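Novice: Generate coordinates for the sequence data below:
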Amino acid sequence: MSEEYGPDFVSLTDEDGNEFELEHVDTIEYKGQIYMAFFPADTGEDTEDDPDTGLIILKVIQEDGEEQLATLDSDEELEEVYDQFMQDLFDEEDEEG
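Specialist: A predicted model of the protein is given here:
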């Protein structure tokens with residue numbers, strides 16, 4: 001992903017109606033499914049000790065003919081996809097270095 005134009009931000013609304021903003025980090029295709037990685041957008045508050053400020057991985061699903069983001073189905077799926085994101089990140093770093 002090119003940082004030439006700065007980061008991409010996405011506003012999402014969860015199933016409880018809470019709206020929040022995420023910074024898009026990367027998108028991958030893994031086992032035929034599209035996954036997107038995000039970091040929470042900086043809220044200006046001290047979030048260093050907040051466990052919810054880490055990498056967020058969501059998958060793209062089709063619902064009613066529209067693309068939507070959804071949580072992953074299992075911890076195993078999350079672990080596999082996280083590992084794939086990390087592998088891709090390290091592969092990109094190796095190519096640049």
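Novice: So which residues of this protein form strands?
Specialist: 8-13, 19-30, 33-40, 56-63, 66-70 (DSSP state E).
Novice: Spit out the contact partners of the closest residue in space to Asp88 that isn't next to it in sequence.
Specialist: Leaving aside its chain neighbours, Asp88 sits nearest to Ile28 (6.0 Å; criterion: C-beta to C-beta, 6 or more residues apart in numbering). For glycine as for every other residue, the C-beta is placed from the backbone atoms N, C-alpha and C. By C-beta atoms under 8 Å, 6 or more residues apart in numbering, Ile28 lies in contact with 34-35, 37, 81, 84-85, 88.
Novice: Can you flag the buried ones in those?
Specialist: 35, 37, 81, 84-85 (16 or more other C-beta atoms under 10 Å).
Novice: Could you tell me the per-residue confidence at the most centrally placed residue in the chain?
Specialist: With distances taken as C-alpha atoms, centre = their mean, Ala37 lies nearest the centre of the chain, 1.7 Å away. For Ala37, the model assigns a pLDDT of 95.
Novice: On the strand side of things, show who it bridges to.
Specialist: Taking DSSP bridges as the rule, Ala37 bridges to Asp26, Ile57.
Novice: Asp26 is in contact with that one, correct?
Specialist: Yes: with contact defined as C-beta atoms under 8 Å, Ala37 reaches Asp26; the gap is 4.8 Å.
Novice: any shared contact partners between those two?
Specialist: Common contacts of Ala37 and Asp26 (C-beta under 8 Å, 6+ apart): Phe85.
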